[in-house]
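1. Pasted the sequence and its predicted model underneath.
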Amino acid sequence: MTWINGRHVGKKADHRGLMNACRRLGAVLVLGPGDKNHDTQVHCQW
């Protein structure tokens with residue numbers, strides 16, 4: 001995902017909230033800003 005509630009990831013979007021929600025929903029892999037090649041996107045894998 002590159003956009004959250006109309007804001008681009010990396011530009012004050014709530015990427016941490018989305019990443020935590022993915023984990024709570026059982027995602028086996030969650031990557032986002034701070035992870036290599038994910039400065040502007042969130043990756044949730046089930």
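-> Thanks, I have the structure now. Numbering: from 1, shown residues only.
2. Could you check what's spatially nearest to the residue nearest the centre of the chain, not counting adjacent residues?
-> Of all residues in the chain, the one closest to the mean position by C-alpha atoms, centre = their mean is residue 42, 2.9 Å from it. Distance criterion C-beta to C-beta, 6 or more residues apart in numbering; nearest residue to residue 42, sequence neighbours excluded, is residue 32 at 4.3 Å. All C-beta atoms are positioned from the backbone trio N, CA, C, and that covers glycine.
3. so what's that neighbour up against?
-> Each residue near residue 32 by C-beta atoms under 8 Å, 6 or more residues apart in numbering is listed here: 9, 15-16, 18-19, 38, 41-43.
4. Just the ones of the residues you listed in strands?
-> residue 43 (DSSP state E).
5. Can you select the buried ones among the contacts of residue 32 for me in ChimeraX?
-> Buried residues within the contacts of residue 32, as defined by 16 or more other C-beta atoms under 10 Å, are selected in ChimeraX through the command that follows:
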select :9,15,18,19,38,41,42
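6. Which of the contacts of residue 32 fall within helices?
-> 15-16, 18-19 (DSSP state H).
7. my read: the residue nearest to the centre of the chain touches residue 18, true?
-> Yes - at 5.5 Å, residue 42 counts as touching residue 18 under the criterion of C-beta atoms under 8 Å.
8. before we move on, back to that, could the contacts of residue 32 go into a markdown table alongside distance to residue 28 and pLDDT?
-> Below are these laid out as a markdown table (distance: C-beta to C-beta, whole Å; pLDDT from 0 to 100):
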| residue | distance to residue 28 | pLDDT |
| --- | --- | --- |
| 9 | 20 | 84 |
| 15 | 18 | 89 |
| 16 | 19 | 90 |
| 18 | 16 | 92 |
| 19 | 13 | 94 |
| 38 | 16 | 92 |
| 41 | 18 | 91 |
| 42 | 15 | 93 |
| 43 | 11 | 94 |
